[in-house]
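Kindly generate the corresponding structure for this input.
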Amino acid sequence: MTGPAAVTLDRGMADRHRAVQQSFISAFDAVSRLAPAPGVAPPHLGAASAMVRPSGDIRGGDPRKLEALDAELRRTGRTLEAAARTLGSITARVGLGAGSGRQVGAAAAWASAQATDVRRRHDELLRADAGVGMALAVVTAVLDGVPTVADEGSLLARARNADPVALARLVTLQRSFADPHLAARIAAWWKSLSAAERQRILKTAPGQLGALDGLPATVRDRANRLFLATEKTRLADRLAALRADPEGHEKEIGDLTGKLGGIAAIERGLASGGKAGRPPLFLLGFDTESIGHAIVSVDNPDTADNVVTFVPGFGTKLADASSGINRALGLWSQATTFDPHRSTASIFWLGYDAPQGLDVATADRAEAGATRLDSFVSGLAVSRSAGAPAHTTLLGHSYGSLVSGRAAVRFGAPIADDIVFVGSPGVGVQTAPELGVPVGHVWAGRSPEDPIPFVPPLDPMKWPDDHSVRYGNDPTSMEFGAKRFAVGHAPLLKAHSSYWDRRSASLRNLAYIVDGHYGKVELIRPVFGPTPTPRPAPSPAPISRSVGSPAPVPSPSPGE
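Below you'll find the model as predicted:
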């Protein structure tokens, strides 16, 4: 630790060290004088020894050393607490009172409180991969302020030399989406680097490198796999330490167990890529900050003809990576079956802190996630290999539809060729044209049994109508103006997650939209009043077309 907090902690430890020593010395002297042996002077310990400080200089709040400090402070607190009880009991029994024990007890309580503060600082400020890069970046941001667009040139120049602080600050700047062109500058910067420079950055700061939007998918995948391995070891070590002394750490143990489960799911998914007819999987983003984040692409978005980005919603965290990857894989499989002559990349994008509890009742998480999604989408556009642009789809589910809607409004240009919402509580706007994509390219579907789209709006005056939901007009309503597609029925408790069910009308229609085969999408016209019961048609045979033939032109069917 550095700065005023470190100085205060250092002085506090020195003061308590002296107080504890003096308490034991005073108690020893007092007790030894009660019944001295005849002719023998009572023993005397003398002055307290000086506090021994560790050699070397700990800079930037190295996470591993902060973890060790946290553990040592907690151990010290427990040890001193037991010693205080014993010491107080001894002196009280011989009529000397328990004052010395109370002084030691006060030091015990102080040590435990400092451990809690060290852990808080570690969790909030010092997330880094195998070193101090992100920690230093956060400390620098606190001291110097949030990086601005004016800093870009300097940061890119420093990043060339594998400066982890500069790389982390570029990540922070990208996530704010203050400069919509930063991903393009990152792409150009990467192309300008020599092979040696690229390798040095990869080894020094894989976590920061893998988080940069605009880099090729192959580069991000390699960097994030390295970072994942490092984080897996760090979390496993921390979990083992906590399990050895679990008292008071139950919540953190559960959190670490979930994150390690998510990492294991990602590893299984990555290992299965390229096997049993599956395409390779690319790890485009990963970290364990907060609830944990993961961005996994089924096939390479830099070369695919179709690219769909799926944004999950309420309750999703790193521990749920397996479910998200399976949904992305299921959509890839269906889209590829329908159009085997055009490649598809299906992306699971958990790049934001999805709400986990009562925070789902506000749009705060969506607002924060929208800028990150904007940056990611802009990066996909500039990282593509030479060739025609991909047909792009943005798919928002549940609260993720609100993230997608806010991102579309902020993007400043059409964020995708098509935007799709399923199980949506509203997308932050009242009408489809506000999303900035061409008329006829906003789609919405909901299961009749899905309760989420019926969450009432904040304004009680809108409760009586049949189109207002929590965050604007229902995307499946006539007032909103999207194309509504068939979904089909599902059990009540599973309806909200049924949109990716195999052989379902929903999955079939999602795949047709991703492929750009709009005329094959089974539509339901929006109406006032109760939701009509969709009647899904049987799955058609896969489309057969010669390799190299042109794709259908993305345009709405007449009269739809």
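
pretty sure residue 296 contacts residue 323?
No - with contact defined as C-beta atoms under 8 Å, residue 296 and residue 323 do not form a contacting pair (11.6 Å). To be clear about C-beta, it is placed using only N, CA and C from the backbone, and glycine gets the same treatment.

of these two, who's got more company?
residue 296 (27 against 15; other C-beta atoms under 10 Å).

where's that one, which helix or strand?
Element membership for residue 296 (DSSP states H and E) is strand 293-298.

next one: residue 330
Using DSSP H and E, residue 330 falls in helix 321-338.

List the buried residues in that helix.
Going by neighbour count (16 or more other C-beta atoms under 10 Å), the buried part of helix 321-338 is 321, 324-325, 327-336, 338.

ok, and what's touching that helix?
262-263, 265-266, 268-269, 278-279, 281, 294, 296-299, 306, 308, 310, 312, 316, 343-348, 350, 395, 500, 502, 507-508, 510-512, 514-515, 517, 542-543 (C-beta atoms under 8 Å, 6 or more residues apart in numbering).

Please pick the buried ones from those.
Among these, those classed as buried by 16+ other C-beta under 10 Å are 262-263, 265-266, 269, 279, 281, 294, 296-299, 306, 308, 310, 312, 316, 343-348, 350, 395, 500, 507-508, 510-512, 514-515, 517, 543.

Show only the entries of those found in strands.
281, 294, 296-298, 306, 308, 310, 344-348, 350, 395 (DSSP state E).

For the residue minimising distance to the centre of the chain, which residues are in contact?
When C-alpha atoms, centre = their mean is applied to the chain, the residue found nearest the centroid is residue 293 (2.8 Å). Residue 293 makes contacts with 285, 286, 287, 318, 350, 351, 352, 353, as judged by C-beta under 8 Å, 6+ apart.

Out of those residues, who's the most crowded?
Busiest of these [other C-beta under 10 Å] is residue 286, holding 29 neighbours.

What strands line up against the helix or strand hosting that residue, and which way round?
Assigned by DSSP H and E, residue 286 belongs to strand 281-287. Its sheet considered, strand 281-287 pairs with strand 293-298 (antiparallel) by DSSP bridges.

What mean pLDDT does the strand it pairs with get?
Strand 293-298 comes out with an average pLDDT of 98.

How far off centre is that strand?
How far strand 293-298 lies from its chain's middle: 11 Å, per C-alpha atoms, centre = their mean, to the nearest Å.

what inclination does that strand have with respect to helix 321-338?
20 degrees (axes from the mean of the first three to the mean of the last three C-alpha atoms, to 10 degrees).

tell me the angle strand 293-298 makes with strand 344-350.
Strand 293-298 and strand 344-350 are oriented at 170 degrees to each other (the same axes, to 10 degrees).

got the CA positions of strand 293-298 in PDB?
Taking Å, rounded to 0.1, in the frame of the first residue of the first chain, the C-alpha atoms of strand 293-298 are listed here in PDB:
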ATOM      1  CA  HIS A 293     -17.000 -11.200 -16.800                       C
ATOM      2  CA  ALA A 294     -16.500 -13.400 -19.800                       C
ATOM      3  CA  ILE A 295     -16.900 -12.800 -23.600                       C
ATOM      4  CA  VAL A 296     -16.800 -16.000 -25.600                       C
ATOM      5  CA  SER A 297     -17.300 -16.300 -29.300                       C
ATOM      6  CA  VAL A 298     -18.300 -19.500 -31.100                       C
END
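
that older thread, roughly how far does the residue nearest to the centre of the chain sit from residue 384?
Counting by C-beta to C-beta, to the nearest Å, the separation of residue 293 from residue 384 is 23 Å.

Same check on residue 76?
55 Å.

residue ranges with poor pLDDT in the stretch 451-560 of the chain?
For the stretch 451-560 of the chain, the stretches with pLDDT under 70 are 454, 456-468, 525-560.

Please apply the same query to the stretch 51-200 of the chain.
Using pLDDT under 70, the flagged stretches of the stretch 51-200 of the chain are 51-68, 119-148, 150.

all helices for it, in order.
63-93, 99-125, 133-144, 152-160, 164-176, 182-192, 195-204 (DSSP state H, counting those that start in this stretch).

So of the contacts of residue 293, which two are at opposite extremes in space?
Maximum pairwise distance among the contacts of residue 293 (C-beta to C-beta): 14.6 Å, between 286 and 353.

With that, I have no additional questions.
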